[in-house]
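*Asks:* Give the three-dimensional model of this entry:
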Amino acid sequence: MAWGLSQQRFAETAQLGGALWRFWWRHDHLREGREWLGRVLHGITASEHNLEPSSRAKVLKGLAALAHRQGDIAEAQSYYQQELTLRRAIGSTPDLVAAMSNLAATWSQQGHYNEAERLLEECVAIDRAQADSYGLAHDLGSLGLSKLRQGFYAEAQGLLRESLELHRRHADTFSVALTLANLGSAAHGLGDYSALGRYTQEALRLMRALDNRYNSAIALENLAYFYRAQGDMAQCKAALHESLSIFLDMGSRDNLLSVVGTIAATVLAKQSECCVQLLSAAIAQHEQSSTPIHTLARAEYETILALARKNMGDSAFTPRGRRARP
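*Replies:* Okay, the predicted model is just below:
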């Protein structure tokens with residue numbers, strides 16, 4: 001790729017980068033992938049090279065996916081929107097539906113659920129009409145995740161179960177693991193801690209077998225709630241410590257905030273002052289980055305903050321010059 005860029009062989013480097021981004025994404029080489037694809041896109045733009053549209057679309061898709069994984073949602077959305085414009089012009093149905101689905105994921109993550117679900121429901125309808133069971137598995141999973149984020153746990157569970165069955169049929173281990181993790185979160189929302197542990201432990205086992213640290217860290221964070229429900233605080237703390245270490249190493253800001261909030265809510269819930277400080281910082285950072293806190297976490301935070309206010313008293317809970325943010 002370095003040689004291709006130095007020789008302005010943009011078609012070849014774009015094809016190579018467009019093929020490699022999934023490797024970078026699945027194995028968590030996020031900074032490396034973004035650097036290479038950014039150089040390719042910069043070279044194409046600076047030289048005004050007339051690159052074949054599908055190759056440019058693949059570069060944009062890769063940049064978007066890697067940025068999305070690192071929590072740069074606005075940048076990911078911009079790249080996905082540019083890719084979608086190209087896909088509409090090209091007219092390839094599977095790639096067009098995938099671009100719509102990916103753009104919807106960024107809308108959902110920012111809390112714009114109506115926009116996200118409008119796109120996802122269109123994707124599901126096209127998948128069913130085209131008998132595309134692989135695309136349908138992914139789009140049902142994305143729709144289920146959007147419902148999950150809003151707190152519609154039973155509805156999310158139904159969509160995710162259908163998605164899981166299709167992913168298992170295609171022997172897509174990575175997507176099976178992702179869907180299991182989301183089913184664990186739905187079970188958590190429904191108060192079914194046995195299912196939370198079962199789904200999440202299987203997801204973690206699969207992600208570790210795939211050497212996927214990012215999604216292993218997400219599973220570990222979710223497992224902390226299961227261990228707390230079992231009264232096993234040593235396992236709870238160990239899971240959160242490992243999860244936090246991974247996200248710190250990867251520079252994944254949004255996930256880091258989530259783990260900080262989970263640490264406050266699970267490990268430090270009875271240490272009121274420290275708990276309030278951590279939750280307040282995490283909530284403030286979410287507000288600054290315009291990324292909403294998921295319904296399940298928000299409910300947990302509100303319960304913990306209400307208990308802390310009761311234990312500390314109003315004057316300590318809201319000192320002059322600072323304000324705990326419920």
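*Asks:* Please count neighbours and contacts with C-alpha atoms only from this point.
*Replies:* OK.
*Asks:* Now for the residue nearest in space to the middle of the chain: which residues touch it?
*Replies:* Taking CA atoms, centre = their mean as the criterion, residue 69 is the residue nearest the geometric centre of the chain, at 6.4 Å. Residue 69 makes contact with 25, 30, 252 under the criterion CA atoms under 8 Å, 6 or more residues apart in numbering.
*Asks:* Next one: the second one from residue 240, what distance?
*Replies:* Just to be clear, that refers to residue 30. Separation of residue 30 from residue 240 (CA to CA, to the nearest Å): 22 Å.
*Asks:* Comparing those two, which residue is more hemmed in?
*Replies:* Using other CA atoms under 10 Å as the criterion, residue 30 and residue 240 rank with residue 240 on top: 26 against 23.
*Asks:* The more buried one and residue 226 touch, don't they?
*Replies:* No - Residue 240 is beyond contact range of residue 226, at 11.8 Å (criterion: CA atoms under 8 Å).
*Asks:* State the phi and psi torsions of the nearest residue to residue 149 once chain neighbours are set aside.
*Replies:* In this structure, residue 149 finds its nearest non-sequential neighbour in residue 294, 5.0 Å apart by CA to CA, 6 or more residues apart in numbering. Main-chain dihedrals, residue 294, degrees, to the nearest 10: phi -60, psi 150.
*Asks:* burial of residue 294, as a residue count?
*Replies:* Using other CA under 10 Å, residue 294 has 16 neighbouring residues.
*Asks:* before we move on, what about residue 273?
*Replies:* Here the count is done by other CA under 10 Å, and residue 273 has 16 residues near it.
*Asks:* tell me which element it falls in.
*Replies:* Taking DSSP states H and E as the criterion, residue 273 maps to helix 272-289.
*Asks:* Show me what that helix is packed against.
*Replies:* Here helix 272-289 touches helix 253-266, helix 295-312, going by 3 or more CA pairs under 8 Å, 6 or more residues apart in numbering; DSSP states H and E.
*Asks:* mind redoing it with 10 Å?
*Replies:* Here helix 272-289 touches helix 253-266, helix 295-312, helix 314-317, going by 3 or more CA pairs under 10 Å, 6 or more residues apart in numbering; DSSP states H and E.
*Asks:* quick one: buried residues of it?
*Replies:* Across helix 272-289, burial judged by 16 or more other CA atoms under 10 Å covers 272-273, 275-276, 278-284, 286.
*Asks:* now the angle from that helix to helix 253-266?
*Replies:* Here helix 272-289 runs at an angle of 160 degrees relative to helix 253-266 (axes from the mean of the first three to the mean of the last three CA atoms, to 10 degrees).
*Asks:* could you give me the average pLDDT of helix 272-289?
*Replies:* If you average the pLDDT over helix 272-289, you get 78.
*Asks:* Please apply the same query to stretch 123-136.
*Replies:* Mean predicted lDDT for stretch 123-136 stands at 95.
*Asks:* tell me which residues of it are tucked away?
*Replies:* Neighbour count says stretch 123-136 has 123-124, 126-127, 133, 135-136 buried, by 16+ other CA under 10 Å.
*Asks:* Can you pull out the residues in contact with it?
*Replies:* Applying CA atoms under 10 Å, 6 or more residues apart in numbering, the set of residues contacting stretch 123-136 from outside is 93-101, 104, 117, 120-121, 137-143, 162-163, 166-167, 169-170, 172.
*Asks:* How far does it sit from its chain's centre?
*Replies:* Per CA atoms, centre = their mean, to the nearest Å, the displacement of stretch 123-136 from the mean C-alpha position of its chain is 22 Å.
*Asks:* again, but for stretch 277-292
*Replies:* Per CA atoms, centre = their mean, the centroid offset for stretch 277-292 relative to its chain is 17 Å.
*Asks:* next one: stretch 30-41
*Replies:* 20 Å.
*Asks:* Tell me where the model's unsure across the stretch 201-326 of the chain.
*Replies:* For the stretch 201-326 of the chain, the stretches flagged by pLDDT under 70 are 289-291, 315, 317-326.
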